[in-house]
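Visitor: build me a model:
(chains A and B)
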Amino acid sequence: MKTEQNDLEHLKETNPFFVPAGYMEGMTSRIMGTLPEKPRMKARKVTTFDKFKPWLYMAAAFAGVVLLFKAFVTIFPSNNNTAKEPLQVNVDDSESVSTARVDENKEYLDYIEGQYSDNIISEEIADAE
Amino acid sequence: MQLNTEDELIQQLHDPEKQRDAFAQVVNLYGEKLYWQIRKLVLTHDDADDLLQNTFMKAWTNIDYFRGDAKLSTWLYKIAINECITFLNRQRSKNSISLDDADVFMLERLRGDSYFDGDEAQMKLQEAVLRLPEKQRLVFNMKYYDDMKYEEMSDILGTSVGALKTSYHIAVKKVEAFLTKDV
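Guide: All right, here's what the predicted structure looks like:
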């Protein structure tokens, strides 16, 4: 059952909340009185140094990188004794190569001599006949 | 004090020379409305007064970040409602009160407030509103007491207009049911 007393629209007509006398009238000045002053930022003149500052920082960073690289190379130098081809093996075989060549030459001379001696013998037999 | 349109006011709020005077206009324009919105949420005058000052203090501190994307009133309502919700949560945890008992605690405080002279029917209305979930209570207060447009409520609460209409409808049903319960 809905009565007039408890009807929402009826209750809306009266405001049971109230404020101290003069509260609303003095609200603005009271609140403004509690707000702090904001610090005023003075406009700063931009100097030539300010304009070049980013470039200067960039150059400094680049120099830093170069120095770091240089320091790295100095601390960890590359090993020059290491073979350029990792699979390459240094073998001193000059003696064995020359011996093989001498043997080879001797065999060739023996062969030539054999050929010529056969020819000379056969010519001599033909002459004798 | 000369009154300006909202755009002019926002422009002056960003001018260091005129900022303070412009902010005084803002307090003058929205102070009373904000007070009543806060008062209906926290119920007692002393708490509402403290929260109103906190709201304007926050607005003043952050005024340089306000770019005018939303209405000034919407921005202020948002700050005020956030302040109220934070205050109510802190008050509940400080006094070790569960969510279920929050309405009883608030009613006791309201009874002790010398700036409330409601009869039994008004007290019952407050009890009914306090029993609503937080969001429904916010929506009910904004619509019932301030007759705020759903679009503005949507901007403040970040909820769709449809959801707000449903929320208000349910809240009214609950309040009416509570008011007629024992009659």
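Visitor: for stretch A:105-121, list every residue counted as buried.
Guide: Residues of stretch A:105-121 include none that count as buried (16 or more other C-beta atoms under 10 Å in any protein chain shown). Glycine gets a C-beta too; all of them are placed from N, C-alpha and C.
Visitor: so who does the closest residue to chain A within chain B touch?
Guide: The nearest approach of chain B to chain A comes at residue B:118, 3.0 Å away (C-beta to the nearest C-beta). If you count contacts by C-beta atoms under 8 Å, 6 or more residues apart in numbering or on different chains, residue B:118 has them with A:16-17, B:125-126.
Visitor: do residue B:92 as well
Guide: B:98-99, B:102, B:105.
Visitor: ok, now with 7 Å
Guide: Residues near residue B:92 by C-beta atoms under 7 Å, 6 or more residues apart in numbering or on different chains: residue B:102.
Visitor: confidence score at the residue of chain A found nearest chain B?
Guide: In chain A, no residue comes nearer to chain B than residue A:16, which is 3.0 Å away by C-beta to the nearest C-beta. On pLDDT, residue A:16 comes in at 90.
Visitor: number of residues surrounding residue 37?
Guide: Using chain A. 6 (other C-beta atoms under 10 Å in any protein chain shown).
Visitor: correction: the question concerned chain B.
Guide: Residue B:37 - counted by other C-beta under 10 Å - has 26 other residues nearby.
Visitor: residue B:45 too?
Guide: 19.
Visitor: name the nearest residue to it, ignoring sequence neighbours.
Guide: Spatial nearest neighbour of residue B:45, chain neighbours left out: residue B:115 (4.0 Å); criterion: C-beta to C-beta, 6 or more residues apart in numbering or on different chains.
Visitor: which ones are touching the one you found?
Guide: A:17-19, B:45.
Visitor: repeat that for 10 Å
Guide: A:16-20, A:23, B:39, B:43-46, B:48-49 (C-beta atoms under 10 Å, 6 or more residues apart in numbering or on different chains).
Visitor: export these to a markdown table and tack on secondary structure?
Guide: A markdown table is the format used below for these (DSSP: H, G, I helix; E, B strand; the rest coil):
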| residue | secondary structure |
| --- | --- |
| A:16 | coil |
| A:17 | strand |
| A:18 | coil |
| A:19 | coil |
| A:20 | coil |
| A:23 | coil |
| B:39 | helix |
| B:43 | coil |
| B:44 | coil |
| B:45 | helix |
| B:46 | helix |
| B:48 | helix |
| B:49 | helix |
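Visitor: does residue B:125 touch residue A:9 like I think?
Guide: No - counting by C-beta atoms under 10 Å, residue B:125 sits too far from residue A:9 to count as a contact (11.6 Å).
Visitor: where does pLDDT dip in the chain?
Guide: Using chain A here. A:1-6, A:39-44, A:79-98, A:129 (pLDDT under 70).
Visitor: that was the other one, I meant chain B.
Guide: Using pLDDT under 70, the flagged stretches of chain B are B:1-4, B:182-183.
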